[in-house]
Structure formats: C-alpha cells, structure tokens
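Undergrad: no FASTA, just this:
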C-alpha cells in the first residue's frame, strides 16, 4: 500500500488549538437532534457520530454560552449532513436540496416538508433566538450560505461529468464549496459589524486567505477518504497533480508552499487594517480572532476525529505519515437520499 507524508500547512499560523469544555455536556443532546431526522441508517449514524462534529463545533465556535456552543455544533452537524447528501446527489437533486434549505433559512417559523430541510430550519431558528438582532450579519450569513449551496450544485455537475478543474478555477469554486465563508459569517453574528467593513479590500483578502487555508487543510486531510470513496475529483490535490503533472507527494509539497504564502499575506493585511472607530475596531479584532481560531480548529479536529485517520489521527499528526485507504462506502445510500429529500 502507498504511503506519503502530509505537511503541516499551518506551521506559521499564530492561533493555537482551543476547545469549549462544555461540548461533552451537549454532545448527546446534539447527536439525538441529528438522529431525530432519520437522515442515516443506524449503522451509518454510528459512523457519523464517531466523526465528533460536536468537538469540531467546540473548537471553532464562540464560547460565550452553552447556547452559542450548541448552535455551533448544530452548524457543523448540518454542514456535514448536507455535504453527505449533496455528494451523493445529481445536479438536479443538489439543486432541489439547496433551494429547499435556503427557503427554510428565510422562513424559520414554517415547518419544512422533508428531513434535511427541517434540520436546516430548526438549526437557524435556534441560531436567531440565540444571537439576537444583527440584521446585517444574518443577511451576510444567508448570502454566503446561498453561494455555498449554488457551488455544491456545480460540484455535483463536475462530479457527474468527471470534470477536473485547473488549480485557479478549482480555488474559485472551492472558496464556496468548503463552507468557510458562511462559517465566518455565522461566527460573526452578534458583533454587529457594518457592511462597509466587509467591502474593504484588505478584509476581503483576509477572508479569502482564511477560506483558502480551510479549503486546502480540509482537502489534504480528506483526500484519503475521498479517494477511497471515488470522490477525489473535487480536491485541490487532484487539480494540482493534473495541472502540474506532479505525483501525490509533489502535490502535497506544492500545497505547503501555497499555505505558507497565504498565511504571510493574511498576517500582513491584518497589520495594515484601517480604523473604523474604537467600537467597530474592537468588533473587527474579535471577528478575525474567531476566524483565526476557526482555521486552527478545523486542522486540529482533523487529527482528533476518526473521520479521516480512524484511531491514528494523533499519531499521523506526530509522524506526518499516512497510508492510502481501500475503497469504502458513503454514510448514505442513493436510496436513503431519495427518501430524505422526498416531499
């Protein structure tokens, strides 16, 4: 079996791993909420739980209250349920799922007509009840999530046609499919940062850089899993190998250089941000601190979950060596997909 070495893409990232210790108190409750929708067969749900998405929520979310922790966990659980379903979907099926989810976000008081949509509605209603009034922030989240849903439709089409994008084209799409932008918008809820801040070129660049870091980190950690399931066509490593005629190890080294450059640019932009006044400046500082923890959290969780490396994650983090996995099955079947999106 083939072995290769994964680089530490965040070796120069200044934010360290943190976790809200209350996550264990809500882990069972959050998992029971996911299970209540019947999205997964029992054996596959056990695999889903072993991924510890609630641990991920505790690593990347805000830490004000247990309620904030819960909506962070709900976001992560919903993301990955949504991702599993759209990974199995055709373009038309993905479009239907996306359309229904966006309707649920905009109509949180109206019960939805299928499971995955009702999950979205309940999650976002609980979010609004928790974060309070922040209309610009809510609108940003909905817009970013809408872009995310549209991008996964394109991903489904790429997958169906076997299309492998150039590296630049891949990043253009992956900045939306990785879900980082709506995550950042989500964790900015309640800070009441005006839209003008997010229109500033340095802020735009910083969000794009942090998004790329999450995208490449996730692609590196998920490559083995995606390869085993035949889903590695939408992965930056595949795009790099295809465009630059590199083997897997060479593509990983290319990715390491890209991450180092992206981090340097992010930190430079942060030092050069303008002032919008003391109140807004404090909110912006907090926002990017949350972004920094979010980037680190995704990477740290990738070693601690069983999703990517089984029980060997911490050993992989230490040795940087992994072995390509044999072919495996998805968490859902095509039949389960049809049942769960049926009106």
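TA: Sure, I can see it. Remember, predicted model here, so these are calculated numbers, not experimental data.
Undergrad: Helix, strand, or coil at residue 308?
TA: helix (DSSP: H, G, I helix; E, B strand; the rest coil).
Undergrad: In contact with the nearest residue to it once chain neighbours are set aside, which residues?
TA: Distances taken as Cβ to Cβ, 6 or more residues apart in numbering place residue 221 nearest to residue 308, at 4.7 Å, with adjacent residues excluded. In this view, the C-beta of every residue, glycine as well, is placed from N, C-alpha and C. Neighbour list for residue 221: 6, 299, 302, 308-309 [criterion: Cβ atoms under 8 Å, 6 or more residues apart in numbering].
Undergrad: Return the set of buried residues in the host helix or strand of residue 221.
TA: Using DSSP states H and E, residue 221 maps to helix 201-228. Residues 202-203, 206-224, 226-227 are the ones in helix 201-228 that count as buried (16 or more other Cβ atoms under 10 Å).
Undergrad: ok, back up a step: show me which pair in the contacts of residue 221 is furthest apart.
TA: 299 and 309 (12.7 Å; Cβ to Cβ).
Undergrad: where does residue 293 sit relative to residue 65, distance-wise?
TA: With distances taken as Cβ to Cβ, to the nearest Å, residue 293 is found 17 Å from residue 65.
Undergrad: Neighbour count for the two, which is higher?
TA: residue 293 (22 against 12; other Cβ atoms under 10 Å).
Undergrad: Need the contact partners of stretch 101-109.
TA: By Cβ under 8 Å, 6+ apart, stretch 101-109 touches 82, 112, 116-118, 120-121, 124-125, 128, 142, 145-146, 149.
Undergrad: before we move on, what about stretch 182-198?
TA: Residues contacting stretch 182-198 (Cβ under 8 Å, 6+ apart): 60-62, 72, 75, 79, 127, 131-132, 134, 136-138, 140-141, 143-145, 147-148, 203-204, 207, 210-211, 214, 276, 280, 283-284, 286-287, 290-291, 294.
Undergrad: Buried ones among these?
TA: The neighbour count (16+ other Cβ under 10 Å) marks 60-62, 72, 75, 79, 127, 131, 134, 136-138, 140-141, 144-145, 148, 203, 207, 210-211, 214, 276, 280, 283-284, 286-287, 290-291, 294 as buried among the contacts of stretch 182-198.
Undergrad: ok, back up a step: how near is the residue nearest to residue 308 to residue 215?
TA: Counting by Cβ to Cβ, the gap from residue 221 to residue 215 is 11 Å.
Undergrad: Show the contacting residues for residue 302.
TA: Here residue 302 is in contact with 217-218, 221, 308-309, 313 (Cβ under 8 Å, 6+ apart).
Undergrad: of the residues you listed, closest to residue 92?
TA: For the contacts of residue 302, the nearest to residue 92 is residue 218 (26.1 Å; Cβ to Cβ).
Undergrad: next SSE after the strand or helix carrying residue 155?
TA: In this structure, residue 155 is located in helix 135-161 according to DSSP H and E. Next helix or strand after helix 135-161 toward the C-terminus (DSSP H and E): helix 167-177.
Undergrad: and that following helix, what does it pack onto?
TA: If contacts are counted by 3 or more Cβ pairs under 8 Å, 6 or more residues apart in numbering; DSSP states H and E, helix 167-177 sits against helix 135-161, helix 201-228, helix 236-244.
Undergrad: Figure out how far that helix is from the centre of its chain.
TA: Its chain's average C-alpha position is 14 Å from that of helix 167-177, according to Cα atoms, centre = their mean, to the nearest Å.
Undergrad: And the helix or strand following that helix, what's buried?
TA: Per DSSP H and E, helix 167-177 leads on to helix 180-187 as the next helix or strand towards the C-terminus. For helix 180-187, the neighbour count (16+ other Cβ under 10 Å) marks 180-187 as buried.
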